[in-house]
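J.: Show me how the following folds:
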Amino acid sequence: MSVKSAINKEVFIPHDEKMLAAVQVKRRTKKKIPFLATGGQGDYMTFICLSVTNKKPSHVSITKVKQFQGSSAFVKRSGWTIDQLRQVNGIDPNKDCPEFDLMFENAFDQWVASSAGEKCTFIQILHHTCQRYSSARKPEFVNCQSKLLGGNSILHSAADSVTSAVQKASQALNERGERLGRAEDRTADMMNSAEQFAVTAHKLAMKHKC
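T.: As a prediction, this is how the structure comes out:
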């Protein structure tokens, strides 16, 4: 079981919630340290998780989950509703980078994700979720690459891939139908030619008998 699946099973499913996305993070500091620094009892891994309740009306939350060194358990720490989210800062709109900031009504966190890819996926899903579930006041997404906020999100890409596959299959079937139709036409023409040849041969044979 993956770490994210374990978080969903231990932290969210028991509360009748479903985790939509999670990103492993560390706070940004001036001192450069390895992403998974170890060596002290206080070491831990932090995940920022996005979840939604199964019951309607749906409530979306952003939760900080930690796993301390030496423990397999995941602990839910601070959390906010999606309506408390005020701003998502992608830091650099021109290239992939692992850094991002989250600003809430009463908190401001600066993070660096385990990879730029994880951060991008999280922001894509977060943006899509905000558009779907946020109230009239939606959070501001600044310094984010356009591909994370537009129609090229992974959610849309998945749908586009399915649509493209269906279209290709349909086109292949149409082309196959056309080829079969042409083959049937050629077969009919050959049968007509053979029938005409047989009639002509029969007439010639009768003439010779006469």
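J.: per the record, what domains does this structure have?
T.: 3-150, 162-209 (the TED database).
J.: tell me the contacts of the residue lying closest to Glu105 once chain neighbours are set aside?
T.: Excluding the flanking residues, the one nearest Glu105 by CB to CB, 6 or more residues apart in numbering is Gln84, at 4.7 Å. Any C-beta I mention is one placed from the backbone N, CA and C, and that applies to glycine too. By CB atoms under 8 Å, 6 or more residues apart in numbering, the contact list for Gln84 reads Phe104, Glu105, Asn106.
J.: are any of those buried, and which?
T.: Phe104 (16 or more other CB atoms under 10 Å).
J.: possible to save the contacts of Gln84 as CSV with pLDDT?
T.: Formatted as CSV, the contacts of Gln84 follow (pLDDT from 0 to 100):
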residue, pLDDT
Phe104, 96
Glu105, 92
Asn106, 90
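J.: for the contacts of Gln84, which one is nearest Asp189?
T.: Phe104 (75.9 Å; CB to CB).
J.: Tell me how far that closest one lies from Ser71.
T.: 27 Å (CB to CB, to the nearest Å).
J.: what does Tyr133 give?
T.: 32 Å.
J.: what's the answer for Ser134, then?
T.: From Ser134 across to Ser71, the span is 34 Å (CB to CB).
J.: Neighbour count: these two, which is higher?
T.: Comparing Ser134 with Ser71 by other CB atoms under 10 Å, the one with more neighbours is Ser134, at 15 against 10.
J.: Once you drop chain neighbours, what's closest to the more buried one?
T.: Counting by CB to CB, 6+ apart, the residue nearest Ser134 is Ile82, at 5.7 Å.
J.: Could you double-check that the one you found sits in contact with Ser58?
T.: No: in this structure Ile82 lies outside contact range of Ser58 using CB atoms under 8 Å: 9.9 Å.
J.: any common contacting residues for these two?
T.: Residues touching both Ile82 and Ser58 by CB under 8 Å, 6+ apart: Tyr133.
J.: And those two? Which one has more around it.
T.: Ile82 (22 against 14).
J.: what sits against that one?
T.: With CB under 8 Å, 6+ apart, Ile82 has these contacts: Val60, Ser61, Ile62, Thr129, Cys130, Tyr133, Ser134, Pro139.
J.: could you redo the last one with a cut-off of 6 Å?
T.: Ile82 makes contacts with Val60, Tyr133, Ser134, as judged by CB atoms under 6 Å, 6 or more residues apart in numbering.
J.: How about Glu118?
T.: Glu118 neighbours (CB under 6 Å, 6+ apart): Val23.
J.: going forward can the numbers begin at 398, since that is how I track them
T.: Taking 398 as the first residue, the last one we looked at is Glu515.
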